[in-house]
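>>> take a look and give me a structure for this.
(one chain, ligands or ions: 1)
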Amino acid sequence: MKNVLIIGSGISGLACAVKCAGLGLYATLISPVSSERSQSVMAAGGINAVTEECEEGDSVSCHIEDTLRGGARIGGKNAVTGLCEHAGDIIRYLEGIGTVFSVDSNGRPMIRAFGGQSFKRTHYCGSSTGKQIVSALIMEARRYEADGLIERKLRLDFHSALIKDWECFGALLYDEKKRLLVPFYADALVMATGGQNALFGKTTGTCLCDGYAAGKLFMQGADLKNLEFIQFHPTTLETAQKKMLISEAVRGEGGRLFYEDGGKRIYFMEDKYGPKGNLQTRDLVSREINNIGRDVYLDISFLDKKQIDVKLPEVRDLCRKYGGIDISQTPIPVAPAVHFFMGGIAVHLNHETNIKDLYAVGECASMYHGANRLGGNSLLAAIYSGWVAADDIFGRTENKTHPDFDRAIRNEEDKLTGLMSSKSSFSVIHIRDMLSDTMRKDMNMIRTESTLKEGIDDVDYLLSVAGQIWYDSSESTYTNYSLTGLLTLARAALTSALSRTESRGAHFRNDHPDMDDDYAFSTLISYDDGAYNTCLDKERVYEN
Ligand SMILES: Cc1cc2nc3c(=O)[nH]c(=O)nc-3n(C[C@H](O)[C@H](O)[C@H](O)COP(=O)(O)OP(=O)(O)OC[C@H]3O[C@@H](n4cnc5c(N)ncnc54)[C@H](O)[C@@H]3O)c2cc1C
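As a prediction, the model looks like this:
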């Protein structure tokens with residue numbers, strides 16, 4: 001039986017495991033914490049699909065066009081077509097396995113508007129869509145666990161992939177409890193490790209998705225793609241620890257953005273873009289808020305209180321708990337913050353990387369969203385990509401015998417033992433904080449050549465510090481060994497942003513404010529013995 005190792009147990013990892021098991025493959029799903037604590041459970045607003053319940057005039061081709069236009073024309077056309085064509089099946093599948101979508105009093109699915117979409121096509125479960133989908137997928141995974149086709153293992157971190165001659169044979173995992181590196185051989189390795197939040201520290205997501213896996217694989221030869229495209233969500237609520245997301249669902253239900261001038265409310269998005277102004281794409285709304293340069297608010301207080309209770313209960317609770325705000329009475333103060341990473345591990349249509357039998361799915365892979373993601377398309381892509389990878393592994397991968405990795409593993413063990421026995425005056429968290437300060441300052445929503453070059457200098461300095469052998473015993477071993485991978489990923493992202501001398505989607509260069517047709521391609525970056533080589537994917541190697 002083919003044996004698949006999946007790293008990460010959010011929606012994409014779970015969807016892939018369940019699909020593998022359905023095809024008769026044996027899937028092992030590993031993560032440091034349970035699926036219930038993955039970032040996927042935070043997804044609030046919904047999942048996009050054109051179904052028969054959608055508005056008249058909507059169509060799959062319209063969903064495809066909205067996604068490509070929203071992504072500023074660099075999302076892979078064939079990939080996006082597959083995604084949108086399967087969206088209806090995915091909703092039906094999710095219903096079939098017990099996802100409880102919101103329905104009206106006649107039992108008809110409730111569907112809301114999301115940004116950048118020509119029609120309402122976002123299906124949702126109150127404001128806890130991610131949680132519902134994760135729960136349903138866990139139940140499916142348990143069923144296959146009972147059949148001996150899925151095994152879920154916790155408290156394991158990814159360390160590195162086992163690669164020889166551009167072919168992957170599994171991964172080295174770190175067992176934090178036993179303080180041991182554990183080799184795990186597999187016929188295929190699927191990365192489902194989510195976004196790159198640790199690069200920026202305070203985001204709407206969780207730093208459990210830190211981006212280390214992408215950084216490490218890059219150092220091992222995997223190409224990365226479109227790292228400069230980082231989505232700033234327009235509406236977040238500032239708290240001490242986090243940027244709490246105020247879901248696009250609020251604007252989907254009619255929420256209005258405004259600022260005050262001389263006691264008068266100025267609905268700036270509607271003034272500039274008309275009735276659909278509040279639901280423009282996220283890159284545009286975030287920049288408009290940024291340009292206002294004063295406090296901006298989101299008002300939903302005009303909505304009937306019962307409607308708020310039914311459609312936005314989590315947003316209501318979150319604002320009450322973290323901001324002391326009753327959204328049925330008071331507008332919410334909002335500001336843009338880092339939310340989603342369109343860039344990540346480069347994959348072909350089948351979700352395989354440039355390394356044989358190494359796959360990437362979900363938010364850690366870069367494929368569907370081009371330069372800017374539409375709200376509601378990520379949950380869809382997480383499930384679809386998991387399915388595509390599973391199908392491909394089923395159809396292609398062989399049962400294989402692995403070459404001898406003993407020496408390579410001993411090397412890694414020695415390096416780790418050396419690291420753990422060293423002492424440091426540096427705090428690993430301090431270096432991580434310096435990294436996120438740099439990224440927030442130099443790779444913010446608005447960039448220039450000089451900010452990006454400053455960022456590169458700062459990260460190079462941090463890399464030189466991290467290159468010295470040292471160990472911060474107050475933090476986990478993973479936090480220590482992951483540092484170089486994170487810094488390398490940050491350096492790659494800054495380099496990609498520097499190389500794109502135009503503005504497109506979420507990447508806005510103040511020194512090159514216009515979109516340039518010559519750049520209507522994805523950015524690829526490879527790590528060649530420590531060099532960071534960028535090029536545009538003009539051959540469309542990764543987007544067939
Ligand atoms: C607040 C919020 C609201 C959102 N709302 C929506 C929405 O309404 N609709 C929508 O479409 N999208 C939404 N998104 C985006 C969407 O939720 C995510 O893009 C999607 O869930 C990602 O799923 P995933 O499986 O790729 O990753 P995740 O769910 O992030 O899972 C990643 C997994 O990898 C594991 N992992 C990470 N690093 C390692 C490592 N080094 N070793 C081992 N394991 C590792 C993690 O523990 C976790 O299990 C939202 C995002 C946020 C933050």
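>>> burial check on residue 304, number of neighbours?
The number of residues packed near residue 304 is 10, by other C-beta atoms under 10 Å. Backbone N, C-alpha and C define where each C-beta goes, glycine included.
>>> what's near enough to touch residue 111?
Residues in contact with residue 111, defined by C-beta atoms under 8 Å, 6 or more residues apart in numbering, are 53, 54, 55, 120, 121, 122, 123, 124.
>>> next one: it from the ligand, what distance?
13 Å (C-beta to the nearest ligand atom, to the nearest Å).
>>> what bridges to that residue?
Here residue 111 sits in beta bridges with residue 123, as judged by DSSP bridges.
>>> which residue packs closest to residue 352, ignoring adjacent ones?
residue 359 (5.3 Å; C-beta to C-beta, 6 or more residues apart in numbering).
>>> let me see the backbone angles for that neighbour.
Phi and psi for residue 359, reported as degrees, to the nearest 10, are phi -120, psi 160.
>>> beta partners of it?
Here residue 359, judged by DSSP bridges, has bridge partners residue 190, residue 352.
>>> which pLDDT value goes with it?
Looking at residue 359, its pLDDT reads 98.
>>> what's the answer for residue 425, then?
With respect to pLDDT, residue 425 has a value of 68.
>>> secondary structure element for residue 240, which one?
Assigned by DSSP states H and E, residue 240 falls within no helix or strand.
>>> residue 207 versus that one, what's the distance?
Residue 240 sits 15 Å away from residue 207, going by C-beta to C-beta, to the nearest Å.
>>> of these two, who's got more company?
residue 207 (19 against 6).
>>> pretty sure the residue nearest to residue 352 is touching residue 346, no?
No. The criterion here is C-beta atoms under 8 Å, and residue 359 misses it with residue 346 at 11.7 Å.
>>> need the overlap of contacts for the two.
Shared contacts of residue 359 and residue 346 (C-beta under 8 Å, 6+ apart): residue 353.
>>> and these two? which has more neighbours close in?
Ranked by neighbour count (other C-beta under 10 Å), residue 359 and residue 346 place residue 359 first, with 30 against 26.
>>> and the more buried one, what is it in contact with?
188, 189, 190, 191, 347, 350, 351, 352, 353, 389, 392, 393.
>>> please name the residues that touch the first one.
This points to residue 188. Contacts of residue 188 by C-beta under 8 Å, 6+ apart are 2, 4, 5, 168, 357, 358, 359, 393, 397.
>>> cool, the fifth one as well?
Residue 347 sits next to 353, 359, 360, 365, 366, 367, 542 when contact means C-beta under 8 Å, 6+ apart.
>>> recalculate using a threshold of 10 Å.
76, 79, 191, 222-223, 225, 353-354, 358-361, 364-367, 385, 388-389, 542-543 (C-beta atoms under 10 Å, 6 or more residues apart in numbering).
>>> what's the closest non-adjacent residue to the closest residue to the ligand within the stretch 51-200 of the chain?
Nearest residue of the stretch 51-200 of the chain to the ligand: residue 194, at 2.6 Å (C-beta to the nearest ligand atom). Among residues not flanking residue 194 along the chain, residue 209 sits closest, at 3.4 Å (C-beta to C-beta, 6+ apart).
>>> three-state assignment of the one you found?
The three-state label given to residue 209 by DSSP: H, G, I helix; E, B strand; the rest coil is coil.
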